[in-house]
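Chemist: Pasted the sequence and its predicted model underneath.
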Amino acid sequence: MSDTKKTATLSIGDKTLELPIHTPTAGPDVIDIRRLYADGGVFTYDPGFTSTAACESTITFIDGDKGELLHRGYPIDQLAGKSHFLEVCYLLLYGELPSAAQLEDFESRVTNHTMLHEQMQYFFRGFRRDAHPMATMVGVVGAMSAFYHDSTDIADPWQREVASIRLIAKMPTIAAWAYKYSIGQPFVYPRNDLDYASNFLRMCFAVPAEDYEVNPILSRAMDRIFTLHADHEQNASTSTVRLASSSGANPFACIAAGIACLWGPAHGGANQACLEMLREIGTVDRIPEFIERAKDKNDPFRLMGFGHRVYKNFDPRAKVMKQSADEVLELLGVENNPTLQVAKELEAAALADPYFAEKKLFPNVDFYSGIILEAMGFPTEMFTPIFALSRTVGWISQWKEQISDPGLKIGRPRQLYTGETLRDYVNVEDR
Ligand code: ACO
């Protein structure tokens, strides 16, 4: 942690505390309040963590005002344009871009872990067919700790490494099988001669009765979607993974917790909610009605795919996603897709509206991702599982960083208690 000579002075009654200030390599200074309760006898109050740094990290940096996202210093648009998902996985996990030999070795390690324990099939089969694939994923990933006992000892660096590779390698198989099960089709086994994205597409769309040719442009678009979602600093699901892991929980349990958190519509579930909203709007003439609803304080409706806790400018991932949507839809010959037309007009109408400008609400990554995924043939229920499989590497990188810290403490927030004070129990006949 970088220390400076700067301090912040805090007066509480007749006490004055000098709080150290840390200067990060990028982003605002951070006031260190770790001794606040011990020295000042008070807590801080910050529900939603809008002003609280919960950890020190070297993985991902976001400048929300500029609309900048860096992984280990590299901008997301360069990674999405020039790199590919497994290389970005390596970068997130180990801190540097790999040499050609390191990349080959990493790809081979991931590729050799893509199969699931055969018995896990029965686990899938225990779910109802109409279960949401996210529900199945939470269960199956949590159950991995019952199948892979040899990689649950977090004190052993080798086991941590194996668990990381297993999770990255098996998540596409798990997501694809959750989908196959939900539509009543047989599970398709991974093929290790295919790249990561092509293998996932094949496991989702191939059937034993016919061979499946992966379209390289769709595979590239899939890979880019994975890359754009790979990590995003201390968001809700990542913080959930970190909090779960602070107790020493095994990696599979921690990632299952992250998947559960990601499912919410304010987080990873927004891509499904966004496409459903665009379909509900249906035609461009209904856009003004929905813009008015989004602005109405008495209406709970919000423009899904708009707004972000950190970005107060364009989400840089949304820009790449929009370009990808145009490319994929053109390739598939559906440039005149009505949902895309509604999305583009809605974006333009919202950006021109003072309400959205004043509140700094811009399209986020989810605004266009659903359109691409739908054009590729994915049902809306698969959007969030695809987000979960992409984000797995981010969760694991943050988990590894946290448990490698010798000063790790269990996460245990305090509270502003406003309930009853001490009172005596009253027997039921006297109440
Ligand atoms: N539509 C209309 N108004 C909005 C929207 C929206 N999408 N988002 C925020 N606002 C308004 C709020 O009503 C609030 O107005 P007020 O100050 O008058 O009360 C103001 O903007 C600030 O909103 P908050 O909810 O306080 O901002 P917060 O940072 O807590 O929420 C969030 C961020 C959850 C992403 C929010 O913008 C939202 O609900 N967006 C829609 C869901 C979505 O797209 N989520 C995906 C996020 S990206 C991701 O997880 C990958």
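Modeler: Nice, I can see it. Numbering: from 1, shown residues only.
Chemist: going forward, measure contacts and count neighbours with C-alpha atoms only.
Modeler: Fine.
Chemist: Grab the longest helix from the protein for me.
Modeler: Counting residues, the longest helix found in the chain (DSSP state H) is helix 157-182.
Chemist: Now do the next helix or strand after it: distance to the chain's middle.
Modeler: The helix or strand immediately downstream of helix 157-182 is helix 196-205, counting by DSSP states H and E. Chain-centre distance of helix 196-205: 20 Å, with CA atoms, centre = their mean, to the nearest Å.
Chemist: what's helix 196-205 packed up against?
Modeler: For helix 196-205, the packing partners by 3 or more CA pairs under 8 Å, 6 or more residues apart in numbering; DSSP states H and E come out as helix 157-182, helix 216-228.
Chemist: give me that answer again for 10 Å
Modeler: With contacts taken as 3 or more CA pairs under 10 Å, 6 or more residues apart in numbering; DSSP states H and E, helix 196-205 sits against helix 85-94, helix 100-111, helix 157-182, helix 216-228.
Chemist: what mean pLDDT would you report for the second one?
Modeler: Looking back up the chat, that one is helix 100-111. Average pLDDT, helix 100-111: 97.
Chemist: can you pull the buried residues of it?
Modeler: L103, F106, E107, V110, T111 (16 or more other CA atoms under 10 Å).
Chemist: One more: the longest one?
Modeler: Buried positions in helix 157-182, judged by neighbour count with 16+ other CA under 10 Å: 159-160, 162-182.
Chemist: Just the residues contacting the helix or strand that contains Y355, thanks.
Modeler: Counting by DSSP H and E, the element that carries Y355 is helix 354-358. With CA atoms under 10 Å, 6 or more residues apart in numbering as the test, helix 354-358 has contacts from 291-292, 294-295, 306-307, 312-313, 349-351, 360-362.
Chemist: what's around the residue of the stretch 1-150 of the chain found nearest the ligand, how many residues?
Modeler: Residue nearest to the ligand within the stretch 1-150 of the chain: G48 (7.5 Å; CA to the nearest ligand atom). Residues near G48, counting by other CA atoms under 10 Å, number 9.
Chemist: ok so, going back, averaged pLDDT, the longest helix of the chain. What do you get?
Modeler: Helix 157-182 comes out at a mean pLDDT of 96.
Chemist: hang on, the earlier thing: among the buried residues of helix 100-111, which ones lie close to the ligand?
Modeler: Subset of those in contact with the ligand: empty, counting by CA under 6 Å from any ligand atom.
Chemist: out of those, who's nearest C254?
Modeler: The shortest approach to C254 among those belongs to V110, at 20.0 Å (CA to CA).
Chemist: re the thing from before, rebuild the helices and strands packed on helix 196-205 as CSV, extending it with distance to S239.
Modeler: Below are the helices and strands packed on helix 196-205 laid out as CSV (distance: least, CA to CA, whole Å):
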stretch, distance to S239
helix 85-94, 16
helix 100-111, 25
helix 157-182, 18
helix 216-228, 19
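Chemist: The residue lying closest to P172 once chain neighbours are set aside and the ligand, how far apart?
Modeler: Residue nearest to P172 in three dimensions, not counting chain neighbours: F200, with 5.6 Å by CA to CA, 6 or more residues apart in numbering. F200 is 21 Å from the ligand, where distance means CA to the nearest ligand atom, to the nearest Å.
Chemist: picking that back up, please identify which of the helices and strands packed on helix 196-205 is closest to G73.
Modeler: It is, among the helices and strands packed on helix 196-205 and with distance given as CA to CA, helix 85-94, at 10.1 Å.
Chemist: Now the closest one: buried residues?
Modeler: Under 16+ other CA under 10 Å, the buried positions of helix 85-94 are F85, L86, E87, V88, C89, Y90, L91, L92, L93.
Chemist: Quick check: residues of this structure near the ligand?
Modeler: Contacts of the chain with the ligand, taken as CA under 6 Å from any ligand atom, map to 266-268, 270, 294-295, 302-309, 359, 364-365.
Chemist: Derive a PyMOL selection command for the buried subset of those residues.
Modeler: Buried subset of the residues of the chain next to the ligand, written as a PyMOL selection, criterion 16+ other CA under 10 Å:
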select buried, resi 267+268+270+294+295+302+303+304+305+306+307+308+364+365
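Chemist: Restricted to helices, list the residues of the chain next to the ligand.
Modeler: Here DSSP H is the test, and the residues of the chain next to the ligand give A270, A294, K295 as lying in helices.
Chemist: Of those residues, just say which sits nearest to S404.
Modeler: When those are ranked by distance to S404 (CA to CA), A270 comes first, at 32.3 Å.
Chemist: give the contact list for Y90.
Modeler: Residues in contact with Y90 (CA under 10 Å, 6+ apart) are E96, L97, P98, Q102, L103, F106, E107, V393, S397.
Chemist: make that E347, sorry
Modeler: I287, L303, G305, F306, Q341, F362, P363, F367.
Chemist: how close does it sit to the ligand?
Modeler: 11 Å.
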